[in-house]
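# I need the structure of the sequence given here:
(one chain, ligands or ions: 1)
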Amino acid sequence: RLPVAVIGTGSYVPERRLTNADLEKMVETSNEWIVERTGILERRIAAENEHTSHMATRAAERALESAGVSPEEVDLIIVATITPDTFTPSTACYVQNNIGAKNAVAFDISAACSGFLFALKTAVQYIGCGQARTALIIAAEKLSTVVNWEDRSTCVLFGDGSGAAVLRTGDQPGDGAVLASDIGSDGSLHDLLRIPGGGSACPTTTENVHERLATLAMRGNETFRHAVSHMKESATSLIERAGIQPEEIKLVVPHQANLRIINAVAQRLTIPADRVFVNLQKYGNTSAAAVAIAFDEARREGRFGKGDIVLLVAFGAGLTWSSAAIRW
Ligand code: ACO
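All right, here's what the predicted structure looks like:
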């Protein structure tokens, strides 16, 4: 198999900030509750005319620029999203057109918050067996369009944004080598976290729009428990498979859903807090985009450097979970 490396990253968040104080005016909540239970201070909300594909395109352009790769060189585009612009065509096809990647094949995948690392694993397989040379993976979400803004138990959690990475092979593994990656799912727990309406099971009608069926519904407490155990298990088996020790990991970049989940996972992995990247206070949970944005921000902030090992780990609806170890 050919070695695969991440050679560039990029991310984008919309300008508009929705603070906890703003939410206090919309639902019965408080800054204190949100901070104590989640760690979130504010989130970004895309403008009405700014679609998922627009945010995906901005992150993709930044990732290509950081990799020094032109759009024509890209032969695979994968977009991970649960908020596509349209059911069809795929958001990846819009991005392909926006950036002019005319030599690429483009498709979407749906794995909720685990989506970015599902895309990474898919690209690693394509490149590893010689089916693609340069892949652009993107995670982008406009969750503000699927949030019930009258449900305080979910509306305080989510935000909009996008992140991307460019992957490539070469004869030498080089910088950014993907050491190992893991994905998993458990469909028996599909009802813990879902958007019940808007699909073929419950097509959009005036009645169910009124009942807000096309918005995120979550059993938060149970989801919390599964998030901690699955991220811990995925990361532990990955660490073993990659042949590395926890103390060799320079930085853990976890899914950004809840600070308490992140702390519980880090504790179980025996990784101290100063080696765990957190940016959810600024963006909330941006589903698939969360790990991608965090990875890009950590790189740009110099939280890891050449030769350092970074562990990415995520969890989401499905249930799904995923992790990847990268030697930068
Ligand atoms: N403001 C004030 N009170 C609230 C709010 C709010 N925004 N939301 C809920 N409450 C109340 C509840 O009504 C409840 O009140 P009660 O005790 O009188 O019934 C109380 O606060 C406690 O509610 P819980 O749901 O038990 O609170 P919990 O500590 O579990 O925190 C949370 C809720 C933040 C949602 C947490 O469960 C969580 O983070 N879950 C996991 C989220 C996650 O990881 N999702 C996966 C990825 S997302 C994806 O895939 C798209």
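
# Just list the residues touching Ser153, thanks.
The contact partners of Ser153, by C-beta atoms under 8 Å, 6 or more residues apart in numbering, come to Met218, Gly220. (Glycine included, C-beta is placed from N, CA and C.)

# following the helix or strand hosting it, which helix or strand comes up?
Per DSSP states H and E, Ser153 falls inside helix 152-155. Counting by DSSP H and E, the next helix or strand C-terminal to helix 152-155 is strand 160-169.

# same for that next one, what does it pack against?
In terms of contacts (3 or more C-beta pairs under 8 Å, 6 or more residues apart in numbering; DSSP states H and E), strand 160-169 is packed against strand 4-12, strand 42-44, helix 52-67, helix 115-128, strand 134-142, helix 289-300.

# which one of the ones you listed is the most hemmed in?
strand 134-142 (a mean of 32; mean count of other C-beta atoms under 10 Å).

# And the residue of the stretch 151-300 of the chain closest to the ligand?
Gly220 (3.0 Å; C-beta to the nearest ligand atom).

# what about that residue, how many neighbours?
14 (other C-beta atoms under 10 Å).

# Please produce a markdown table containing the helices and strands packed on strand 160-169, extended by mean pLDDT.
Shown next, in a markdown table, are these (pLDDT from 0 to 100):
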| stretch | mean pLDDT |
| --- | --- |
| strand 4-12 | 96 |
| strand 42-44 | 98 |
| helix 52-67 | 98 |
| helix 115-128 | 97 |
| strand 134-142 | 98 |
| helix 289-300 | 98 |
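
# how about the helix holding Ser153, does it reach the ligand?
Yes: Helix 152-155 comes into contact with the ligand (C-beta under 6 Å from any ligand atom), by way of Arg152, Ser153.

# Identify each buried residue in that helix, please.
Buried residues in helix 152-155, defined by neighbour count with 16 or more other C-beta atoms under 10 Å: Arg152, Thr154, Cys155.

# Enumerate every residue touching the residue of the stretch 151-300 of the chain closest to the ligand.
Residues in contact with Gly220 (C-beta under 8 Å, 6+ apart) are Ser153, Thr154.

# Could you check how far it is from Ile99?
Computed as C-beta to C-beta, to the nearest Å, the Gly220 to Ile99 distance reads 37 Å.

# quick check: domain ranges of the protein?
Structurally, the chain divides into domains by automatic domain parsing as follows: 4-177, 179-327.

# Could you tell me the end-to-end distance of the first one?
Using C-alpha to C-alpha, to the nearest Å, the end-to-end distance of domain 4-177 comes out at 6 Å.
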